[in-house]
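Novice: how would this look folded up:
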Amino acid sequence: MSEAPVLVVTALGDVTADLVLGELYGRGVPAVRLDPASDFSDTASMSARIEGGAFTGEVTTATRHLDLSSVRSVYWRRPTPFSSPQQADTPEKRFAVEQSRHGYSGALHALPEVPYVNHPARNREAENKVLQLATAARLGFSLPNTLITDVPADAAKFAAEHETVIYKPVHRVHLAGEDGRNRTIWVRTVRADELDDSIALCPHLFQACVPKVADVRLAMVGDQAFATRIDIDGDHLDWRQDQSLITCSPVPAPGPVRDAARTFLHTFGLRFGAFDFALDEDGRWWFLECNPNGQWAFVDESTTRAIACALADTLQKGDTA
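Specialist: Modelled structure (predicted):
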C-alpha cells in the first residue's frame, strides 16, 4: 500500500485539488493527476481488461504509468467536460467523441473496491436539488418553505403567502449570451407581479426568504465538520456573486446540524460534501443546499488547511477509509 498511488481526476488550474495534492506529496504519498478529456488520445493512453472475474488495466501518461489495479483511492474533482458529439463535423468524429466519453470515464468509474471522493455517480445523484431538499427535510434540517412548480397560479399563491420569496434554478446552469460568454442565473428575490404564464415552460424553484444575518459553508469530510461563517459587505442575496466582498471566519457547527450532515453524506454514499446554510439572528441554521463537489479553498487559511489535511487523510488511507 505504501507505493499505491492516489488518482486525482481534474483539470489543470484546479486550485482546490492542488492543495490536496500538495498535502499528499508532502507526506510522500504518490499521486497521478489525470484529465481524461484533455489527456487521452493526446498525451495518455489506456487499456482495461476484464478477465477471470477481475478488472485490471493500465493508463500511461506523458510522465507516469498507472496500474489500475493498484490505485489506492480516487479524488474525483472537476475534470474538463468531454466535448459534445454534435460539435464534431463528421460522423466518425462524433462516434469517437461518444466512445471516448463512455470508454475512458467508464473505466475510471469502475475501479473495484477503491474509495472515491466522491464517485461521479454519487455526485450526480446528490446534485439533484429536489432529492437533496427532500432528504434534508427528512433528516431534520431546518428548511425554508419550498415550492417546485410549473403552475403559474400555484407560484402566485406561494408568493402571496410569504413576505419575501426567492427564485433559484432547479439545476445550476450557465447560459451563453449573445457575445458567447456564459451567464449565471443567481439566486434572487421575485415579486408576485413577475410571475406570469412563462412559469409553465419548466419547473421553477421558489423558497421563502430567510431573514439571514450571515451565511455558513460547512465542509464535511466523513465525520469531520469544518464550518465557516460568511459575512458580506453589501446586499447580495447570493454571496457567490462577488467573493471579493466576503469575510470568512471559522465557527463551530451545532451538534444536530453536524449529525444530520453526516447522515446526509451516508445516505448519498458520499465522503465529502459542501453544505450551504443561512444563519438567522436567533442562531438557527437553515439548509439551502449541498454541493457534493463544492469549493472550500476560498475560506480562511486555517480552515482551508484543515480541510486539505482531512481529505489527504482519507485518500491516504485508501481502502480502509
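
Novice: Let me see the ranges of the strands in the stretch 201-321 of the chain.
Specialist: Per DSSP state E, counting those that start in this stretch, the stretch 201-321 of the chain carries strands over the ranges 204-208, 212-221, 224-232, 246-251, 272-280, 285-291.

Novice: now what about the helix or strand where V20 lies, what contacts it?
Specialist: Take DSSP states H and E as the rule and V20 turns out to sit in helix 15-26. Helix 15-26 is touched from outside by 6, 8, 10, 31, 33, 75, 77-78, 295-297, 304, 308-309, 311-312, 315-316, with contacts defined as C-beta atoms under 8 Å, 6 or more residues apart in numbering. Quick note: C-beta positions are derived from backbone N, CA and C, even for glycine.

Novice: How far does that helix sit from its chain's centre?
Specialist: Distance of helix 15-26 from the chain centroid (C-alpha atoms, centre = their mean, to the nearest Å) equals 18 Å.

Novice: Just the buried subset of the contacts of helix 15-26, written out for PyMOL, thanks.
Specialist: Buried residues within those, by 16 or more other C-beta atoms under 10 Å, are selected in PyMOL with:
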select buried, resi 6+8+10+31+33+75+77+295+296+304+308+309+311+312+315+316
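
Novice: To V173, which of the strands of the stretch 201-321 of the chain lies closest?
Specialist: Judged by C-beta to C-beta, the one of the strands of the stretch 201-321 of the chain that comes nearest to V173 is strand 204-208, at 12.6 Å.

Novice: tilt between the closest one and strand 272-280?
Specialist: Per axes from the mean of the first three to the mean of the last three C-alpha atoms, to 10 degrees, the angle that strand 204-208 makes with strand 272-280 is 50 degrees.

Novice: Strand 204-208 - contacts with which helices or strands?
Specialist: The criterion is 3 or more C-beta pairs under 8 Å, 6 or more residues apart in numbering; DSSP states H and E, and the helices and strands that strand 204-208 contacts are strand 146-149, helix 152-161, strand 165-168.

Novice: try 6 Å this time
Specialist: In terms of contacts (3 or more C-beta pairs under 6 Å, 6 or more residues apart in numbering; DSSP states H and E), strand 204-208 is packed against strand 146-149, strand 165-168.

Novice: so which of the strands of the stretch 201-321 of the chain gets nearest F141?
Specialist: For F141, the closest of the strands of the stretch 201-321 of the chain is strand 285-291, at 3.8 Å, according to C-beta to C-beta.

Novice: Give me the residues contacting that closest one.
Specialist: For strand 285-291, the external contacting residues (C-beta atoms under 6 Å, 6 or more residues apart in numbering) are 132, 136, 141-144, 210, 257, 273-278.

Novice: Output the strands of the stretch 201-321 of the chain as CSV; include the columns distance to T63, mean neighbour count and mean pLDDT.
Specialist: What follows is the strands of the stretch 201-321 of the chain, written out as CSV (distance: least, C-beta to C-beta, whole Å; neighbours: other C-beta atoms under 10 Å; pLDDT from 0 to 100):
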stretch, distance to T63, mean neighbour count, mean pLDDT
strand 204-208, 45, 21, 96
strand 212-221, 29, 21, 96
strand 224-232, 33, 19, 96
strand 246-251, 36, 16, 95
strand 272-280, 27, 21, 97
strand 285-291, 31, 21, 97
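
Novice: Looking at those strands, which is nearest to V114?
Specialist: Comparison of those against V114 by C-beta to C-beta identifies strand 272-280 as nearest, at 15.5 Å.

Novice: Please find the angle between the direction vectors of that closest one and strand 212-221.
Specialist: With the same axes, to 10 degrees applied, the angle from strand 272-280 to strand 212-221 works out at 160 degrees.

Novice: List the strands paired with strand 272-280, with their directions.
Specialist: strand 212-221 (antiparallel), strand 285-291 (antiparallel) (DSSP bridges).

Novice: tell me the domain ranges of this protein?
Specialist: Domain ranges of the chain: 6-114, 124-129+212-320, 145-208, per automatic domain parsing.

Novice: Fine by me, thanks again.
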